[in-house]
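Colleague: sharing a sequence plus its predicted fold:
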Amino acid sequence: MKKSALSVLRIIFPVAVLLLVIYQAKQELSGLSFKETMLIINDVERSSLFILIFIGFIAILAMSLYDFVLVRSLGMRISKWKTVKISWIANSFNNVLGFGGLSGAGLRTILYKEHVSDVKRLIKGIASLATSVLLGLSVLSIFVLIKLISPGNLLVEKTWLFLSVIGMALIVPVLIILFLIRRRNMAGMRPSVFFSYLGASVVEWIAAGIVMYFSLVTLGVELDARIVLGVFTIASVAGMISLVPGGFGSFDLLFLVGLNQFGVDSEITLTAIVLYRLAYSFIPFGIGLILAAVDMTGNTMKKLEEKPIIAPAIETTNILLILHRALLLRLLNGSLAIISFCCGAVVLASAALPIDRSMLIPDLSRHALTVLNGLSISFGLILLIVPLELYKRTRRSLYMTLTALAFAFVFSFFKGFNISAVFIIPLVFILFILLRGQFTRERAVYSFAQMAWAGFIYLFALLNYNIIASVIWERLGHVLVKEYYIHSEQHVNYTTMFALFFVPVFCVIFIWQFNRKVKPIGEEPDFAKLEQFLNEKGGNALSHLGFLGDKRFFYSSDGNALIQFAKIGQRLVVLGDPSGQKESFPLILKEFLHLADQKGYLVTFYQIEREDMGLYHDFGYRFFKLGEEAIVDLNSFTIKGKKRAGLRAIYNRFEREGYTFHVEQPPFSHEFLQQLKDISDEWLGRKKEKGFSLGYFKEEYLQKAPIAVLKDKEGEIVAFMNIMPMYQEGEISIDLMRYSQDAPKGIMDALFIHLFQWGKEQGYTAFNMGMAPLSNVGTSFQSFWTERLAAVIFNNVRYMYSFSGLRSFKEKYKPVWRGKYLAYRKNRSLPATMFLVTRLIGRRTK
């Protein structure tokens, strides 16, 4: 209970701080102007910006000192370049995500784990590293208190800050005193390691302060470096204790307030903070994403998910840890998606914002500029929505991204380009080329909600481009851009309409062309192979339907299991449980689902039995009860006794009237099958044959098994049933049940009674009468509402026959009822799944 309360507090506290910061920031920033900020950034020398970014890189590299201390203390055999790379990923993520060092600690655990034999020792070492980050800030806090660096009157005005700085300043002295008292290792850390971390931390914080100082220098602010470092220290303490990711908001507000007392304009300070965040956080984070994308292959992510050690010495039941772990996993696996999204934003910004623009062809006509700008924006929008599939690492998304990057660069280049786009797009294009091996899946399947989300991103981005481009070019264009074609509102609207229609058309054509090249799963029907398999390995009540030829087959790698399925839309509907040996069922399901996922199909299992539901549940499936099938025990079946008087009366009546029962063996003559065809056509009338899970009249199919017929006294066939082998010892079933229009009432009962007796004589012990759809479904008030709704609809609608009447017909034979289920993905719509399965069954047969 105490731990749960602490976990909740860890979430509530930073949220409360963030809300407080927002409230304070609203007052402090109310007079700031977006236009002024744009003008300030535009006036900055580009060479100065590159120098600032370079200094930011040096500061991030300085943080690798922590990792070198860790590697040396644990005796890891790892190259210096590998250490620097891991350090960059961990520190750049930590600067943006924060969580008190949780992000950096988690990433280091993941990336160093394979280089150590003792994981517990690694976790302890990373815990020491994570806490040592405070050491340098503690030293700077001491410098503030002894006035070596000065934050002005900031501590006097904010009492809580003064107490926080005192608390931070005490960390290093207290630890040193404890080392001296104990005269031995403390918390598993040797004195040499402690002082190494102390030095690394001091270097890190001073380097970060230098980045902030040069951000101000870049903007022309002449202020003593000790003052900047003093205010930076106080703001960093506030950001650290707030627990807000990256200190965003709390650090920025305190730094803004601190410099205001020294007469620095708020616009300048805000711009300096933006430049600091870019140089020290966001641009290094982008590079960290690229390094993570290179390192975080599918195998690494799989190991991470199987053994999710994210942070040291923190229980996995911690709410904050669980939320952070989910975010971290998505960021790592979606690193390329984030990069693509950012690239799309750069392309849109290069079209909307008149900054750093150059013309390759200076005298473009209005119409040519509109088309080029529209194409550039269109491919930028595609880069914004394709990350939804890039996250799943599909080849389709890779090719679409490469196409969008190439065309975005070309069209941006010709219509007037942004320097950032010129450098960024080719680098991202090369990155995707180098990492193309990670894209193993061919495509992905999306729900309606996911497609709606993609549509929202597309329309929202396009709308914002229209608004921003119109306002920026109209109000700021004459100030920010000299001797360059100024957009008119009409030009922006034309460009927007062009992109509005071009993007969906391009995506549809691209996806259609790609999907045409995707090879189907499984094999075409091979009846000889199927017959040999079923005879050797066994089957089930639905295996014989494979001889219809309307399904494809998938065999397990060990050859002991078989799945039959059909495709409808982007779904594969599997008929029943696998056939073959039960020991191979987990193997074939794993192989089939993996291949379907690689090909971009969603798999549904239709008419599975209860015995193997646990297996499907392990693969993430939910269940809907389709109905129950009737199993008659032939050993106990009889028409004798009072309870079977009705059946006995039907049997005797047909015998008196001269009806005879015959079981014909294949091969059948054409004349015999033609008689059955005439009866089948009479029985169907205007109704259409069903398929997939139901047999239909097909000569090749009927030739595979015996057919039971009932003839009148003239020897004419009046009813027939094709016997369906179960490929299991002692079990038998039937499929088609057809009778002529002139057949007397009770003809099906008479045929069933004869079949039961014949089966008993042949040594069969069980007769499967087939499923009664929605039988005993939704009958309880506690049943799922979807089952209750289905029961209401189907039990009150007559289509080919009444479902409730079908159960009553079979009930007279006192069968054992066995449930049949639909297995569908838990994040997919049941109504949509049922609709597609119904369409598949009702699809016109050949």
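Modeller: Cool, got the structure.

Colleague: give me the low-pLDDT residue ranges for the stretch 701-846 of the chain?
Modeller: 774-805, 827-829, 843-846 (pLDDT under 70).

Colleague: strands of that one, start to end?
Modeller: Assigned by DSSP state E, counting those that start in this stretch, the strands in the stretch 701-846 of the chain fall at 707-711, 717-725, 731-739, 766-773, 816-825.

Colleague: list the buried ones in the longest one?
Modeller: Neighbour-count burial for strand 816-825, counted by 16 or more other C-beta atoms under 10 Å, picks out 817, 819-825. The way it works is simple: take the backbone N, C-alpha and C, and place the C-beta from them, glycine included.

Colleague: one more: stretch 670-685?
Modeller: Quick answer for stretch 670-685 (16+ other C-beta under 10 Å): 672-673, 675-676, 679-680, 683.

Colleague: ok, so of those, who is nearest Phe439?
Modeller: Ser680 (50.4 Å; C-beta to C-beta).

Colleague: what helices or strands is the helix or strand where the closest one lies leaning on?
Modeller: Following DSSP states H and E, one finds Ser680 within helix 670-684. Using 3 or more C-beta pairs under 8 Å, 6 or more residues apart in numbering; DSSP states H and E as the contact test, the elements touching helix 670-684 are helix 699-702, strand 717-725, strand 731-739.

Colleague: got the ones you listed as CSV, with distance to Gly437 and mean neighbour count columns?
Modeller: Shown next, in CSV, are the helices and strands packed on helix 670-684 (distance: least, C-beta to C-beta, whole Å; neighbours: other C-beta atoms under 10 Å):
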stretch, distance to Gly437, mean neighbour count
helix 699-702, 45, 17
strand 717-725, 47, 22
strand 731-739, 48, 20
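
Colleague: let's have these in a markdown table, adding distance to Thr233.
Modeller: Shown next, in a markdown table, are the helices and strands packed on helix 670-684 (distance: least, C-beta to C-beta, whole Å):
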| stretch | distance to Thr233 |
| --- | --- |
| helix 699-702 | 83 |
| strand 717-725 | 82 |
| strand 731-739 | 81 |
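
Colleague: which one, of these, ends up nearest to Val217?
Modeller: Comparing those by C-beta to C-beta, helix 699-702 comes nearest, at 84.3 Å.

Colleague: that closest one packs against which elements?
Modeller: With contacts defined as 3+ C-beta pairs under 8 Å, 6+ apart, helix 699-702 has these neighbours: helix 670-684.

Colleague: report the angle between the helix it packs on and strand 707-711.
Modeller: 80 degrees (axes from the mean of the first three to the mean of the last three C-alpha atoms, to 10 degrees).

Colleague: average model confidence for helix 670-684?
Modeller: Averaged over helix 670-684, pLDDT sits at 90.

Colleague: export it as CSV, just CAs?
Modeller: The C-alpha trace of helix 670-684 is given here as CSV (Å, rounded to 0.1, in the frame of the first residue of the first chain):
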residue,chain,number,x,y,z
HIS,A,670,-22.1,-39.3,-64.4
GLU,A,671,-25.7,-40.4,-64.5
PHE,A,672,-25.8,-41.0,-60.7
LEU,A,673,-24.3,-37.6,-60.0
GLN,A,674,-26.7,-36.0,-62.4
GLN,A,675,-29.6,-37.4,-60.5
LEU,A,676,-28.2,-35.9,-57.3
LYS,A,677,-27.6,-32.6,-59.1
ASP,A,678,-31.3,-32.4,-60.0
ILE,A,679,-32.3,-33.0,-56.4
SER,A,680,-29.8,-30.4,-55.2
ASP,A,681,-31.1,-27.8,-57.6
GLU,A,682,-34.7,-28.5,-56.5
TRP,A,683,-33.7,-28.2,-52.9
LEU,A,684,-31.8,-24.9,-53.5
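
Colleague: circling back to that earlier point, so which of the buried residues of stretch 670-685 is the closest to Glu536?
Modeller: Using C-beta to C-beta, the buried residues of stretch 670-685 come closest to Glu536 at Leu673, 28.8 Å.

Colleague: now for that closest one: which residues touch it?
Modeller: 699, 702 (C-beta atoms under 8 Å, 6 or more residues apart in numbering).

Colleague: pLDDT weak spots in the stretch 101-250 of the chain?
Modeller: 101-103, 154, 156-160, 182-189, 241-250.

Colleague: quick one: Trp758 and Val632, what's the gap?
Modeller: To Val632, Trp758 is 13 Å away according to C-beta to C-beta, to the nearest Å.

Colleague: can you give me the angle the helix holding Ser680 makes with strand 717-725?
Modeller: 100 degrees.

Colleague: so how far is helix 670-684 from its chain's centroid?
Modeller: Here helix 670-684 is found 52 Å from its chain centre; the criterion is C-alpha atoms, centre = their mean, to the nearest Å.

Colleague: and what of stretch 606-614?
Modeller: What separates the centre of stretch 606-614 from the centre of its chain is 26 Å, taken as C-alpha atoms, centre = their mean.

Colleague: end-to-end on it?
Modeller: Using C-alpha to C-alpha, to the nearest Å, the end-to-end distance of stretch 606-614 comes out at 15 Å.

Colleague: what mean pLDDT does that stretch get?
Modeller: Mean predicted lDDT for stretch 606-614 stands at 87.

Colleague: stretch 450-462 too?
Modeller: Per-residue scores along stretch 450-462 average to 84.

Colleague: stretch 433-447 too?
Modeller: Per-residue scores along stretch 433-447 average to 80.

Colleague: please report the distance of the residue located most distally from the centre of the chain from Glu591.
Modeller: Most distant residue from the mean C-alpha position of the chain: Arg656, 67.7 Å away (C-alpha atoms, centre = their mean). Look at Arg656 and Glu591: by C-beta to C-beta, they are 58 Å apart.

Colleague: repeat for Gly576
Modeller: Look at Gly576 and Glu591: by C-beta to C-beta, they are 17 Å apart.

Colleague: and for Glu731?
Modeller: Counting by C-beta to C-beta - Glu731 and Glu591 are separated by 27 Å.

Colleague: now name the helix or strand holding the residue lying closest to Tyr813 once chain neighbours are set aside.
Modeller: Spatially, and ignoring its direct neighbours in sequence, Tyr813 is nearest to Val632 (5.2 Å; C-beta to C-beta, 6 or more residues apart in numbering). Using DSSP H and E, Val632 falls within strand 621-633.

Colleague: then Asn95?
Modeller: helix 80-97.

Colleague: and for Glu591, the neighbour number?
Modeller: Neighbour count of Glu591, defined by other C-beta atoms under 10 Å: 18.

Colleague: and it, what pLDDT?
Modeller: We have a pLDDT of 93 for Glu591.

Colleague: repeat for Ser365
Modeller: 68.

Colleague: for the one 4 residues further on, same thing?
Modeller: The pLDDT attached to Leu369 in the predicted structure is 74.

Colleague: that one against His491, yeah?
Modeller: Yes. The criterion here is C-beta atoms under 8 Å, and Leu369 meets it with His491 at 7.3 Å.

Colleague: got a list of what Val347 touches?
Modeller: With C-beta under 8 Å, 6+ apart as the criterion, the residues that contact Val347 are 376-377, 379-380, 383, 408, 412, 421, 425.

Colleague: how long is stretch 561-575 end to end?
Modeller: Stretch 561-575 end-to-end distance (C-alpha to C-alpha) = 14 Å.

Colleague: which positions within that stretch qualify as buried?
Modeller: 561-566, 571-575.

Colleague: roughly how far out does it sit from the chain middle?
Modeller: Counting by C-alpha atoms, centre = their mean, stretch 561-575 is centred 22 Å from the centre of its parent chain.

Colleague: then stretch 682-697?
Modeller: The answer for stretch 682-697 is 40 Å, by C-alpha atoms, centre = their mean.

Colleague: that stretch: end-to-end distance?
Modeller: Using C-alpha to C-alpha, one end of stretch 682-697 lies 12 Å from the other.
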